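Undergrad: below are the sequence and a predicted model for it; my questions follow.
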Amino acid sequence: MKIVYHCYGGSHSSVTTAAIHLGYLPNHRRPTSEELMGLPFFDKQIDKDHGKFNLMGKDEIGNEVYICGCRSLGSKVEKTLQGVAKITNTPIDDMIFIDTLNGVNNLMRVGGFLSRKLKLVSMGRPLVLEGTINSFNKFVDMVGEVKKNIAQR
């Protein structure tokens, strides 16, 4: 199965949620800033990376876990990929798309904009780190729902 966590830029909420799913981050406590910064892709994506699917790893049962920055086109990207799956006879049940933007707070929005879009990393990164840590439990809950849905298939 392919699991795609997507968000606006593919740098923060999708990376964090995918990392929780894969066990790269603990799900029983909030991570430190250092743990977040140690994740592949965290606060590193740039505009030309939007729309690319990046493999974060395989989970404990062999599912491939990806991240993608879709800007505000997440639902349209999902629909397009479902169409591609249909015309290539790929079972759509083998793919799950999770929009992680519901977990994003204002600190993450402002920090991500400053860091990634305006390249004011020294101003934006501390904000996005604090925001990510504050929203961490929402991302843990998202992963719990995804894993529950996978187990019920």
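TA: Right, received. Where do you want to start?
Undergrad: list the buried residues in whichever strand or helix holds residue 129.
TA: In the assignment (DSSP states H and E), residue 129 maps to helix 121-151. If you call a residue buried by 16 or more other CB atoms under 10 Å, then helix 121-151 has these buried ones: 124-125, 127-129, 131-133, 135-136, 138-140, 142-143, 146-147. C-beta coordinates here come from the backbone N, C-alpha and C atoms, glycine included.
Undergrad: by mean pLDDT, which helix or strand of the chain comes out lowest?
TA: Least confident helix or strand of the chain, by mean pLDDT, DSSP states H and E, is helix 74-87 with a mean of 75.
Undergrad: which other helices and strands contact it?
TA: Using 3 or more CB pairs under 8 Å, 6 or more residues apart in numbering; DSSP states H and E as the contact criterion, the secondary-structure elements in contact with helix 74-87 are strand 2-7, strand 95-99.
Undergrad: which one of the ones you listed lies nearest to residue 20?
TA: Nearest to residue 20 among those is strand 2-7; the distance by CB to CB comes to 9.5 Å.
Undergrad: quickly run through the sheet partners of that closest one, with directions.
TA: Based on DSSP bridges, the strands next to strand 2-7 in the sheet, each with its direction, are strand 64-69 (parallel), strand 95-99 (parallel).
Undergrad: make TSV from those strands and add mean pLDDT to it.
TA: What follows is the strands paired with strand 2-7, written out as TSV (pLDDT from 0 to 100):
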stretch	mean pLDDT
strand 64-69	95
strand 95-99	91
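Undergrad: tell me which of those strands is the most buried.
TA: Burial among these, expressed as mean neighbours by mean count of other CB atoms under 10 Å, is greatest for strand 64-69, which shows a mean of 23.
Undergrad: so what pLDDT did residue 13 get?
TA: At residue 13, the model reports a pLDDT of 98.
Undergrad: what's the answer for the one 10 residues further on, then?
TA: For residue 23, the pLDDT comes out at 98.
Undergrad: sec struct for the closest residue to it other than its chain neighbours, please.
TA: In this structure, residue 23 finds its nearest non-sequential neighbour in residue 60, 7.3 Å apart by CB to CB, 6 or more residues apart in numbering. Three states are possible here, and by DSSP: H, G, I helix; E, B strand; the rest coil the one that applies to residue 60 is coil.
Undergrad: understood, closing this out.
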